[in-house]
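**Student:** give me coordinates for this.
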Amino acid sequence: MAIIEKIFQIGGREVVLQTGLLARQADSAVVIRCGSMVVLVTVVVNNQGVSSDFLPLSVHFQSKAYAYGRIPGGFKRREGPPSESEILISRLIDRPLRPLFPVWFTKEVQIVASLLSSDAQVEPDVMAIIAASAATLLAGLPLDQSIGGVRVGMSAEKEFIINPSVTDTTVLDLVIAGNHKSLFMVESAAKQVSEQELLTALELGQKTLSEIETAINEFVALATAEGFLHTEGAHAASPAQDWMAICDKWVSDNTKSYWTDLLANGAKKDVRQDWMQAKKKQWHEACQALIGDTTIDCKGYLATLIEQMIRTQTVNAGHRLDGRAYDQVRDIEIQTSVLPSSHGSSLFTRGWTQSLTSAVLGTAKDAQYSDSHDPREPKDLFLLHYNFPPYSVGELGPIGSPKRREIGHGRLARKAIESVLPAQINFPYVIRLVSEILESDGSSSMATVCASSLALMDAGVPISDPVAGIAMGLIQHNEKVVILSDICGEEDAVGDMDFKVAGTIHGVTALQMDIKVPGITASIMATALEQARTGRLHILEIMNRSLSTVRAQLANHAPRVDIVKIRPDQVRDLIGKGGSTIKMLTELSGATLEVVDDGTVTVVSYNTESAEKAKLLIAQVTDPLTVGQFYDATVTKILEFGFVASTVIGKDGLVHISECPFPPADLTIQIALGQKVRVKLIQIDKVNNKYKFSLLT
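**Tutor:** Numbering: from 1, shown residues only. Presented below is the predicted three-dimensional model:
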């Protein structure tokens, strides 16, 4: 077979799509190149089909060490489990592709995207989305449209950049996936940008997506003409069956009573869900009786009909399934300083969603080393971990490593908080936030944002502004659109768009959208973002009532970090031969000292006394001895007429017996080798570079 290529431009960079050279036994294989970056995406379909009530699609992004010219670390010297960055890119590919599959499709699909070669200026995530879209079409999967991926940045001067390079400094990092008709996925981190700036970036990005869509379609047409289309991947929809019509009529006849009873039972999540489960069982048995065949399992079809009914009633009734108005946020309760041993903590409860978040401060040694092969990823000084145990939704389940969803939600919350953190030079701590989701009924990631902001303030971390987050939903029905603030779990499941917005009173810091249907216009997004802003300000006001300012002091048991600057040429003296001097300073002061080559000394202590003593000792090491000053020293030699004392900086001096506060006969009784003493410098012989001390009591 021939090798098919399509060359096009994205943001001024040449991009090449290719098939026919690599991985030819997969149902489809597409290579995308940009600069020296090469990503291979393969698709394999299980044509037997599986019994499943959800799309059996799995997406895996893997970053090879050789792509960066590296040999993996560790004993085995080979790639191991996926890193967090690989998991996050896998989710970026999965989220926009999943809505494109028809509801009847039940074949198992595996998409593997492999980074084979890296480029220091090109991010592989959006390129992998493009290649995955082309590969799914060539695999013969029943998708009626292609999608592209693009990154939009905005400089501090408000200039928008399509696919900015890694080294570009931006205040907005926006990743979107979609085509000319609709956006299907949005993910962004921002430094308090306005909603209008976000909309402008989205519109600019969608124009680029339209160009990418055209390039993908032309590439697929060229490949199809050469016989690369995998026709076995197609799947016809299952024909409607007679029993489905009976279910349709039953749901139609009982809609009014269902909605009325749901409202009566809908305020509390557990009561609502128990009632809904009982009703599904009752309706299933009733429909089986009408069908006259108890072997037919129509639970899945009934569940779909009930979801459609909830959507319709939400739009037509003017209120939601728990009785709230469309823009109403659930009741919020806040407590701070709830965990005595943490350095800061907050319990944020909104409706039946609850996050208990703790903040712990550490030092440079606590920084997280990157688990990626990418040498550009530095040590991480800010950690935010999100845990979603099964009991939070009243279920049993395994307890162990975080799942993809937990990693994704944690990263979204981190993006929301990161831009308000103080600069490292002003607050030289490593910060770890841990959100334990104790209850969940929608929007636990946004509860994490609120609780994290409060926990940081409770810990005394001088963030620039408090941050709040809110999850929004949207339902379209018969030309009518309703936007829902602070969605609950069922509204998340049945809605057409789930989007989460976090930010301060000044602007947005993070945005995530997953859009399930085409046709979400810019005007709808503008309305949704404005309603989200109103909800966010409402939540910030409640947070402010609980904790209006950052605590004035760190917790007593938090580490104290002080920065001392010395000249680079003094670093050697401070460390001493084999680290002897710095070890002595640590022992004498009780503080830990960390030194870097530029002369920055980090003093870590747990009380003021240790910190001040360490700083005094550092000054003694780096500054010349001064007559009249006091020094800590060690007895190194005992003489007939006195003894020799050595200061921490290795300056030896004589303490004559006449300068001791005891009789000469008591010298060997009062003084011993290795004894720690406090001395005062009384004379310097500059000719012979000798020192004389007096002994303090």
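**Student:** mean confidence for the lengthiest helix in the chain?
**Tutor:** Residue-count comparison of every helix in the chain, with assignments taken from DSSP state H, identifies helix 195-225 as the longest. Averaging the model's pLDDT scores along helix 195-225 yields 94.
**Student:** any idea how far the closest residue to Pro99 other than its chain neighbours lies from Lys615?
**Tutor:** Leaving aside its sequence neighbours, Pro99 sits nearest to Lys516 (CB to CB, 6 or more residues apart in numbering; 4.7 Å). Placement of C-beta: from N, CA and C, glycine included. Taking CB to CB, to the nearest Å as the criterion, Lys516 is separated from Lys615 by 59 Å.
**Student:** so if I had to pick from those two, which one is more boxed in?
**Tutor:** Set side by side, Lys516 and Lys615 give different neighbour counts by other CB atoms under 10 Å, the larger being at Lys615 (18 against 15).
**Student:** where's that one, which helix or strand?
**Tutor:** Element membership for Lys615 (DSSP states H and E) is helix 608-622.
**Student:** so where's the stretch 101-250 of the chain shaky on pLDDT?
**Tutor:** 232-240 (pLDDT under 70).
**Student:** all strands for it, in order.
**Tutor:** 108-117, 148-154, 160-162, 172-178, 183-193 (DSSP state E, counting those that start in this stretch).
**Student:** tell me the buried residues in the longest helix of the chain?
**Tutor:** Of the residues in helix 195-225, 195, 197-198, 200-202, 204-206, 208-209, 211-213, 215-217, 219-220, 222-223 count as buried by neighbour count, 16 or more other CB atoms under 10 Å.
**Student:** before we move on, what about stretch 426-438?
**Tutor:** Pro428, Tyr429, Val430, Ile431, Arg432, Leu433, Val434, Ser435, Glu436, Ile437, Leu438.
**Student:** just give the nearest non-adjacent residue to the last one, would you?
**Tutor:** With sequence-adjacent residues excluded and distances taken as CB to CB, 6+ apart, Leu438 is closest to Gln354, at 4.6 Å.
**Student:** ok, that neighbour to Pro402 distance?
**Tutor:** 19 Å.
**Student:** burial of Ala2, as a residue count?
**Tutor:** Using other CB under 10 Å as the criterion, the residues surrounding Ala2 number 13.
**Student:** in a markdown table: the strands of the stretch 101-250 of the chain, plus mean neighbour count and distance to Val360.
**Tutor:** Formatted as a markdown table, the entries for the strands of the stretch 101-250 of the chain read as follows, by neighbours: other CB atoms under 10 Å; distance: least, CB to CB, whole Å:
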| stretch | mean neighbour count | distance to Val360 |
| --- | --- | --- |
| strand 108-117 | 20 | 34 |
| strand 148-154 | 25 | 33 |
| strand 160-162 | 18 | 37 |
| strand 172-178 | 24 | 27 |
| strand 183-193 | 23 | 23 |
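**Student:** these into CSV, with extra columns for distance to Lys480?
**Tutor:** CSV is the format used below for these (distance: least, CB to CB, whole Å):
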stretch, distance to Lys480
strand 108-117, 34
strand 148-154, 30
strand 160-162, 33
strand 172-178, 23
strand 183-193, 21
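**Student:** and the helices in the protein?
**Tutor:** Counting by DSSP H, the helices of the chain are 84-97, 124-138, 195-225, 242-265, 269-291, 299-317, 404-418, 444-458, 489-494, 522-546, 571-575, 580-589, 608-622, 667-670.
**Student:** any idea which of these is most buried?
**Tutor:** Sort the helices of the chain by mean neighbour count, taking mean count of other CB atoms under 10 Å, and helix 444-458 sits at the top with a mean of 30.
**Student:** give me the residue at the spatial middle of the protein.
**Tutor:** Arg411 (1.1 Å; CA atoms, centre = their mean).
**Student:** surely that one touches Ile87?
**Tutor:** No - applying CB atoms under 8 Å, one finds Arg411 not in contact with Ile87, separated by 9.1 Å.
**Student:** if we can go back for a sec, neighbour count winner among Gln354 and Pro402?
**Tutor:** For Gln354 versus Pro402, the count of surrounding residues by other CB under 10 Å is larger for Gln354: 20 against 16.
**Student:** now, the buried residues of stretch 426-438 that are in strands?
**Tutor:** Secondary structure defined by DSSP state E assigns Val430, Ile431, Arg432, Leu433, Val434, Ser435, Glu436, Ile437, Leu438 of the buried residues of stretch 426-438 to strands.
**Student:** quick one on the thing from earlier: pLDDT wise, what is the residue nearest to Leu438 at?
**Tutor:** Model confidence at Gln354, given as pLDDT, is 97.
**Student:** over to His385?
**Tutor:** Per-residue confidence at His385 stands at 97 (pLDDT).
**Student:** the closest residue to it other than its chain neighbours and Pro402, how far apart?
**Tutor:** For His385, the nearest residue in space outside its immediate sequence neighbours is Val434; the separation is 4.9 Å by CB to CB, 6+ apart. Distance check for Val434 against Pro402: by CB to CB, it reads 11 Å.
**Student:** equivalent analysis for Pro340, please.
**Tutor:** Using CB to CB, Pro340 is found at 26 Å from Pro402.
**Student:** now flag whichever of the ones in strands among the buried residues of stretch 426-438 is closest to Asp327.
**Tutor:** The nearest member of these to Asp327, counting by CB to CB, is Ile437 at 24.8 Å.
**Student:** let me see the contact set for that closest one.
**Tutor:** Taking CB atoms under 8 Å, 6 or more residues apart in numbering as the definition of contact, the neighbours of Ile437 are Thr353, Gln354, Ser355, Tyr386, Asn387, Phe388, Pro389, Ser392, Ser444, Ala447, Thr448.
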